[in-house]
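Please work out how this folds:
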Amino acid sequence: MSAGAAPKQRLYPFHADGITYTLPPLLESQLDHEWRVTRHWSITDTLDKTKYLSWNLHGQLLSSRDYPNAQTLYYYDADGHLSESINAHGEHTHYRYDARGYLIVSERPKVRIDRYDRSGRLIQRVDAMGDTVDFGYNSYVCLLHLSNENHERYCFEWDALDRLLAQQDLDASGRIYQYNPLGNVTGIHHVSAPLAEPDLDGKDSAEPRAPLAHHFERDALDRLIRKRTDDGVTEYAYGNADNLLAIILTNTR
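Residues are numbered from 1 along each chain as shown. So this is what the prediction gives:
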């Protein structure tokens, strides 16, 4: 295909959910590469929303514009890395890389700074007030904890299949999850904070409490049919087309 020739069939790629489509700043060469780097191109999603795109001769995205003319501009350094973007509100985002070309910082002045490790994982976020959130991961890229500037943290525990087993919140309360062989949640146990405030009835809630438990049951088609809690049982009924027909709550207290 020559550089000036348009493809015979216009392509309309879609996002997985069929609603929106986000294009990465730097594109890889494809069959219509020569046409795309010399002309404007448009993408239409299933809601008939159109995004207009333009590239430079190196195949790098220069601008994206959608209705009503909201435009984002992209700029690159001498090594071909995205160095700056300007959105439709005039907000600038700057990108910095290490010597090996890994993105380590994206900064939007007076708004937010994001820092990344060499695996592309977000490790720190700083907002306009200077407040920070730090993120820690295991070797399988599962989030282990996130903490703020006061050293308060959320903690997470995962099993060998990367399923969330337990979560601990800022107040040390938490949840414990159980799964069936198909990976569906069959139980959630809510654990109260050990130093909770007194209840409105005057009782000291710091006394040990039994965890609040939720148990789930599914049918052979993997549909949720029953949820059991300390307050009662909730049952779900479905039609032949898997549409939910009824929700029945039985209070056991």
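
Could I get the full set of helices for the stretch 151-253 of the chain?
All residues of the stretch 151-253 of the chain lie outside helices when identified by DSSP state H, counting those that start in this stretch.

Extract the residue ranges of it that are flagged as low pLDDT.
Flagging of the stretch 151-253 of the chain using pLDDT under 70 yields the residue ranges 195-211, 252-253.

Try it again at 80.
When residues are selected by pLDDT under 80, those of the stretch 151-253 of the chain lie in 194-211, 251-253.

can you check the stretch 1-150 of the chain too?
Applying pLDDT under 80 to the predicted model, the residue ranges of the stretch 1-150 of the chain that meet it are 1-51, 57-59, 67-69, 110.

Can you list the residue ranges for strands in the stretch 151-253 of the chain?
Under the criterion DSSP state E, counting those that start in this stretch, the stretch 151-253 of the chain contains strands at 153-158, 164-168, 174-179, 185-191, 212-218, 224-229, 232-238, 244-251.

Using JSON lines, lay out the ones you listed together with distance to Asp134 and mean neighbour count.
All C-beta atoms are positioned from the backbone trio N, CA, C, and that covers glycine. As requested, the strands of the stretch 151-253 of the chain are exported to JSON lines (distance: least, CB to CB, whole Å; neighbours: other CB atoms under 10 Å):
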{"stretch": "strand 153-158", "distance to Asp134": "8", "mean neighbour count": "16"}
{"stretch": "strand 164-168", "distance to Asp134": "16", "mean neighbour count": "16"}
{"stretch": "strand 174-179", "distance to Asp134": "20", "mean neighbour count": "17"}
{"stretch": "strand 185-191", "distance to Asp134": "24", "mean neighbour count": "16"}
{"stretch": "strand 212-218", "distance to Asp134": "30", "mean neighbour count": "16"}
{"stretch": "strand 224-229", "distance to Asp134": "35", "mean neighbour count": "16"}
{"stretch": "strand 232-238", "distance to Asp134": "39", "mean neighbour count": "15"}
{"stretch": "strand 244-251", "distance to Asp134": "41", "mean neighbour count": "10"}
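
For Tyr140, find the nearest of the ones you listed.
Set against Tyr140 and scored by CB to CB, those come closest in strand 153-158, at 7.5 Å.

Kindly present the strands of the stretch 151-253 of the chain as TSV, with separate columns for distance to Lys110.
Below are the strands of the stretch 151-253 of the chain laid out as TSV (distance: least, CB to CB, whole Å):
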stretch	distance to Lys110
strand 153-158	27
strand 164-168	33
strand 174-179	36
strand 185-191	39
strand 212-218	43
strand 224-229	45
strand 232-238	47
strand 244-251	46
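
ok now do the spatially most central residue of the chain, which residues does it touch?
In the chain, the C-alpha nearest the mean C-alpha coordinate belongs to Leu122, at 11.8 Å (CA atoms, centre = their mean). If a contact means CB atoms under 8 Å, 6 or more residues apart in numbering, then Leu122 has Asp114, Arg115, Tyr116, Phe135 as its contacts.

So which of the residues you listed are in strands?
Asp114, Arg115, Tyr116, Phe135 (DSSP state E).

Report the separation between the two terminal residues of stretch 118-130.
Across stretch 118-130, the terminal residues are separated by 24 Å (CA to CA, to the nearest Å).
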